[in-house]
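**Q** pasting the sequence and the predicted coordinates here, then a few questions.
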Amino acid sequence: MEENVVLTARGISMTFPGVKALDNVDFTLRKGEIHALMGENGAGKSTLIKCLTGINDFEAGEIHIEGIDGPVRNHSTKDAQNVGISTVYQEVNLCPNLSVAENLFIGREPLTKIRTIDRKSYNKRSAKIMEDLGISVDVTQNLENYSLAIQQMVAIARAVDMDCKVLILDEPTSSLDDEEVEKLFTLMRKLKEKGVGIIFVTHFLEQVYKVCDRITVLRNGTYVGEYTVEELPRVKLVAAMLGKDLDDLAEIKKEQKDYTNEPMEISAKGLSHAGTIKPFDLDIHKGEVVGIGGLLGSGRSELARCIYGADKAQTGTLEISGEPVKINQPIDAMNKGVGMLPDDRKAEGIIADLSVRENIILALQAKRGMFRQLTRAQQEEIADKYIDLIKIKTPSKDTLVKQLSGGNQQKVILARWLATNADFLILDEPTRGIDVGTKSEIQKLIVKLAGEGKSVLFISSEIEEMLRTCNRMVIMRDGQKVGEIDEDLSQEGVMKAIAGGES
């Protein structure tokens, strides 16, 4: 191994059924560096981490750890810990009903001469560990008495005390406020000074440039490159993650219409949800398609969920069609003519064990209530209408929806909201994971619906798709709305805005 290198992974390949999750991926971590592992959803970050930590059994490639002869093959997280690799996840995996000291030493408690747990010893050692890391807590207090940030620091302290050479932090800041993030960064810098190599997985660009030394970018399971932070400005990082070259961008010009004279469909002022989205304003006119641009984790879906009531807004006001409304839960939004296609169709969209017909009429029946049941004839008429209208490929309206392709499942959810005659549609990644032909059909349908006077809030990770369908774009970054683009609606303009205005 190179001098000063603590971990290398070379040629790592991993296949899930039908999917090449990692294809010949390399990664190098040095002692005393904070190294960002970056990539969009599906890039392979989590899969690579699971290969390093023994959760995934990869098919090809080698992992080498400083001080160990030959390649290392971990078969469990215990194996990984034994060679000096520890991971702290976004969800703290400790016992809140035990004390800080008990959590630090769980499974490796010091014993007295008569083989009982030496509480005095581990309380004293715990206090020293926390003091050395600059964490001010009473180690005899239960973990649940402390904030999530402190709980994560305790998880990190436990990892460090187990002699970890490599510390993997997987989205540790996503539930923390700015002050808590800064405390975490202070701890990371202290560990860096002690020579620990840290792999930092995050979606927040600002945090990468604040605390990291190097960046490795993955895209679609492949290795894009390793860079120092200085040689990769934000706009180039965005380009590397999305697979676009700013020198080679084909701009798509489309006819723009001025919607300012059209009636206002949605007007949000100062809406926010603690921990996910900072206060934002958003106006959408009748017949307008407004896109939300930003990297995964920028707050795109959270903004949509806040409007729809899936995450109840804690501040601000909302008007729909000029009328002030209170949206406490999704049924309130549905009753005001709002429909939402969520980004995870399997978890939040389709009801897999119901038929296509039952999935299509679901929202309409919910609006009508349990005492105004749709008859079977009405259900079949509605299902037939929308299967035909948006060309859902299904053997029958009574086929289980789980038997359809992903693209046709997506169309079923769209049909569900069209059946309610929703005036405002929130479409979160409506074309993710579906074939090119069906993508094009859905894009055309969005434009057609807008032409019929429907208003659409459209979220997509594909910039070209948004340029084809949107009249205007809102840009999100780090949980905050940071701007709007209408005149410079080009790939270059959007990518610069996502990156923070850099050239």
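**A** Received the coordinates, thanks. Residues are numbered from 1 along each chain as shown.

**Q** relative to the whole chain's centre, how far out is the least confident helix or strand in the chain by mean pLDDT?
**A** Taking mean pLDDT, DSSP states H and E as the measure, the chain has helix 436-451 as its least confident helix or strand, at a mean of 78. Relative to the chain's own centre, helix 436-451 is displaced by 25 Å; criterion: C-alpha atoms, centre = their mean, to the nearest Å.

**Q** what's in contact with that helix?
**A** For helix 436-451, the surrounding residues in contact (C-beta atoms under 8 Å, 6 or more residues apart in numbering) are 287-289, 390-391, 405, 407-408, 410-411, 414, 418, 425, 427, 430-431, 434, 456, 458, 465, 468-469, 471. All C-beta atoms are positioned from the backbone trio N, CA, C, and that covers glycine.

**Q** among these, name the buried ones.
**A** Buried subset of these (neighbour count, 16 or more other C-beta atoms under 10 Å): 287-289, 390, 407-408, 410-411, 414, 418, 425, 427, 430-431, 434, 456, 458, 465, 468-469, 471.

**Q** pLDDT score for I426?
**A** Turning to I426, the model gives it a pLDDT of 93.

**Q** that one: neighbour count?
**A** 27 (other C-beta atoms under 10 Å).

**Q** okay, buried residues for the least confident helix or strand of the chain please.
**A** Buried residues in helix 436-451 (16+ other C-beta under 10 Å): 438-439, 441-443, 445-446, 449-450.

**Q** ok, then the element right after it?
**A** Next in sequence after helix 436-451, counting helices and strands by DSSP states H and E, comes strand 455-459.

**Q** quick one: that next one to helix 436-451, angle?
**A** 150 degrees (axes from the mean of the first three to the mean of the last three C-alpha atoms, to 10 degrees).

**Q** list of residues touching strand 455-459?
**A** 265-266, 284-292, 300-301, 304, 307, 343, 423-430, 446, 449-450, 466, 469-470.

**Q** the helices in the stretch 201-350 of the chain, which residues?
**A** Using DSSP state H, counting those that start in this stretch, the helices assigned to the stretch 201-350 of the chain run over residues 205-211, 234-242, 300-308, 330-335.

**Q** for the nearest residue to I215 once chain neighbours are set aside, helix, strand, or coil?
**A** Leaving out its chain neighbours, the residue that sits closest to I215 by C-beta to C-beta, 6 or more residues apart in numbering is A36, at 4.6 Å. Secondary structure, DSSP: H, G, I helix; E, B strand; the rest coil: A36 is strand.

**Q** my guess is A36 contacts F204, does it?
**A** No: the criterion here is C-beta atoms under 8 Å, and A36 misses it with F204 at 10.0 Å.

**Q** of the two, which one has the most company?
**A** Higher neighbour count among A36 and F204: A36, with 25 against 19, using other C-beta under 10 Å.

**Q** so that one bridges to which residues?
**A** F200, I215 (DSSP bridges).

**Q** re earlier: show me the contacts of helix 436-451 that map onto helices.
**A** The helices, defined by DSSP state H, take in 407-408, 410-411, 414, 418, 465, 468-469 from the contacts of helix 436-451.

**Q** show me which of those residues is closest to I382.
**A** L418 (9.6 Å; C-beta to C-beta).

**Q** residues in contact with M153?
**A** 133, 135, 183-184, 187.

**Q** any chance of those in CSV with neighbour count, pLDDT and secondary structure as columns?
**A** Formatted as CSV, the contacts of M153 follow (neighbours: other C-beta atoms under 10 Å; pLDDT from 0 to 100; DSSP: H, G, I helix; E, B strand; the rest coil):
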residue, neighbour count, pLDDT, secondary structure
L133, 18, 78, coil
I135, 21, 80, coil
K183, 18, 83, helix
L184, 20, 86, helix
L187, 18, 87, helix
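
**Q** tabulate these (a markdown table), appending distance to V100.
**A** Converted to a markdown table, these look like this (distance: C-beta to C-beta, whole Å):
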| residue | distance to V100 |
| --- | --- |
| L133 | 12 |
| I135 | 9 |
| K183 | 16 |
| L184 | 17 |
| L187 | 15 |
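
**Q** and which of those is nearest to E487?
**A** Distances from E487 to these, taken by C-beta to C-beta, are shortest for L184, at 39.3 Å.

**Q** and the strands in the stretch 301-450 of the chain?
**A** For the stretch 301-450 of the chain, the strands defined by DSSP state E, counting those that start in this stretch cover 315-320, 323-325, 338-341, 424-428.

**Q** and the protein, what are its domains?
**A** 5-247, 262-337+423-498, 350-422 (automatic domain parsing).

**Q** and the second one, end to end?
**A** What that stands for is domain 262-337+423-498. One end of domain 262-337+423-498 sits 28 Å from the other (C-alpha to C-alpha, to the nearest Å).

**Q** just stretch 31-49 next, same as before
**A** OK, stretch 31-49 end separation, C-alpha to C-alpha: 18 Å.

**Q** how far away is the residue nearest the centre of the chain from M264?
**A** By C-alpha atoms, centre = their mean, the chain has its centre lying nearest to G297, at 4.4 Å. Noted for G297: a distance of 30 Å to M264, by C-beta to C-beta, to the nearest Å.

**Q** next: T186.
**A** 46 Å.

**Q** more crowded one of those two?
**A** Set T186 next to M264 and count neighbours by other C-beta under 10 Å: M264 wins out with 17 against 14.

**Q** wait, isn't that one in contact with G322?
**A** Yes: the criterion here is C-beta under 8 Å, and M264 meets it with G322 at 6.2 Å.

**Q** so where's the stretch 351-500 of the chain uncertain?
**A** 433-438, 488 (pLDDT under 70).

**Q** which of the helices or strands spans E182?
**A** Secondary structure from DSSP H and E places E182 in helix 178-193.

**Q** how much does that helix deviate in direction from strand 34-38?
**A** Using the same axes, to 10 degrees: helix 178-193 against strand 34-38 is 120 degrees.

**Q** so what's the residue count around G337?
**A** 19.

**Q** what's the answer for the one 3 residues further on, then?
**A** When neighbours are counted by other C-beta under 10 Å, M340 registers 26.

**Q** out of everything not next to it in sequence, what's closest to it?
**A** I426 is the one closest to M340 (C-beta to C-beta, 6+ apart), at 4.2 Å.

**Q** mind listing what's buried in stretch 48-57?
**A** 48-56.

**Q** closest one to P172 out of those, please.
**A** Scanning the buried residues of stretch 48-57 for proximity to P172, where the rule is C-beta to C-beta, the winner is I49, at 12.8 Å.

**Q** give me the pLDDT value at the residue nearest to the centre of the chain.
**A** G297 is given a pLDDT of 75.

**Q** count of residues packed around the closest residue to it other than its chain neighbours?
**A** Using C-beta to C-beta, 6+ apart and skipping the chain neighbours, the partner closest in space to G297 is H203 (2.5 Å). A total of 21 residues lie near H203 under the criterion other C-beta under 10 Å.

**Q** my guess is H203 contacts G294. True?
**A** No: using C-beta under 8 Å, H203 makes no contact with G294, being 9.4 Å away.

**Q** check contacts around S272.
**A** By C-beta under 8 Å, 6+ apart, the residues touching S272 are 278-280, 306, 313-316.

**Q** what about K496, is that helix, strand or coil?
**A** K496 is classified as helix under three-state DSSP.

**Q** okay then, goodbye and thanks.
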